[in-house]
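Colleague: build me a model from this:
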Amino acid sequence: MKLSFEELKSFLDEKADQYNHVDFIENDPIQIPHRFSLRQDIEIAGFLAATISWGNRKSIIKSAEKMLDIMGNSPYDFVLNHSGEDLKKLRDKSIHRTFNGEDFGYFIKQFQRIYRENESLENLFKTEDSEFNFQHGIERFRQNFLGTEKHRSHKHVSSPYKNSSAKRIIMFLRWMVRKDKRGVDFGLWENVDQRFLSIPLDVHTGNISRKLGLVIRTQNDWKTVEELDIAIRKFDNKDPAKYDFALFGLGVTKELI
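Modeller: Take a look at the predicted model:
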């Protein structure tokens, strides 16, 4: 698909506008944090839903609901006040694919430590003005959240430093950081600028990006995330992640096939 810069910008703006709508929530994992109003509940439910966001969206939502049920539908209260017995009961539970009860319990423990020291996860994702995206912010978060002790759960928080596209955590960041009046993204975090956001790179967004000539690289890795960063920031450097709605929507609906 060969379009001029102006035509491509106009097309992507139109598609972002079309898909960035409250109707998007119903079939997307973002519906999980939308069930809450307390900031910390939104953060915890959002992070957990984003962490297991691979595969079929219906099964992701079902697995996230399983985690909410275990936490009594009060994530923040459960994180702060769970007992050792509660975590022991999780060990043999199946949650979602390779994310199991042991991983879930580990995340709960890490959340408890962090929320005892911080009012919000926002504090762990601060970016420097000299930075271009969340590459270093995600790595700082990883080191804080996961700690130094080796654990199988570490694989569930991807590292851009290891050239991972970190799709799930970038999606979570879009949910928390992006501010608009559409009612999909929360825009909860006041001190993190949305200009640092990237597109969560998956099969859909990667394929459409290549079809539109936004990226050349064939792998969905961090280098491709940065290639796409450069392309989309030419269209809007203040809110680049809005184009996630366009690329993901076009991929899911197979409109360009």
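
Colleague: when you work out contacts or count neighbours from here on, use the C-alpha atoms and nothing else.
Modeller: Noted.

Colleague: what residues does the lowest-mean-pLDDT helix or strand in the chain touch?
Modeller: When the helices and strands of the chain are compared on mean pLDDT, DSSP states H and E, strand 94-96 comes out lowest with a mean of 83. For strand 94-96, the external contacting residues (C-alpha atoms under 8 Å, 6 or more residues apart in numbering) are 52, 60, 63, 66-67, 100-101, 104.

Colleague: the same query, at a cut-off of 10 Å, please.
Modeller: Contacts of strand 94-96 from elsewhere in the structure, counted by C-alpha atoms under 10 Å, 6 or more residues apart in numbering, are 51-55, 59-67, 100-104.

Colleague: one more: stretch 209-226?
Modeller: Applying C-alpha under 10 Å, 6+ apart, the contact partners of stretch 209-226 are 1-3, 8, 12, 132-133, 135, 159-167, 198-203, 205-208, 227-232, 247-248, 250-251, 256-257.

Colleague: please identify the helix or strand for the closest residue to residue 196 other than its chain neighbours.
Modeller: If you skip the residues right next to it in sequence, residue 196 has residue 133 as its closest partner in space, 4.2 Å away by C-alpha to C-alpha, 6 or more residues apart in numbering. Residue 133 is part of no helix or strand when elements are defined by DSSP states H and E.

Colleague: pLDDT score assigned to residue 133?
Modeller: Each residue has a pLDDT score; the one for residue 133 is 95.

Colleague: try residue 21
Modeller: You'll see residue 21 listed with a pLDDT of 93.

Colleague: now do residue 36
Modeller: For residue 36, pLDDT reads 98.

Colleague: relative to residue 205, how far out is it?
Modeller: Per C-alpha to C-alpha, to the nearest Å, residue 36 is found 28 Å from residue 205.

Colleague: so where do the helices sit in the chain?
Modeller: In the chain, the helices defined using DSSP state H lie at 5-19, 39-51, 57-70, 75-81, 84-90, 101-117, 135-146, 167-177, 203-211, 222-233, 243-253.

Colleague: what residues of stretch 217-229 count as buried?
Modeller: Under the neighbour-count criterion of 16 or more other C-alpha atoms under 10 Å, stretch 217-229 has 220-222, 224-226, 228-229 buried.

Colleague: ditto for stretch 186-199
Modeller: Neighbour-count burial for stretch 186-199, counted by 16+ other C-alpha under 10 Å, picks out 186-189, 192-199.

Colleague: can you check stretch 37-46 too?
Modeller: For stretch 37-46, the neighbour count (16+ other C-alpha under 10 Å) marks 39-46 as buried.

Colleague: now do the contacts for residue 129.
Modeller: For residue 129, the residues meeting the contact criterion (C-alpha under 10 Å, 6+ apart) are 193, 196.
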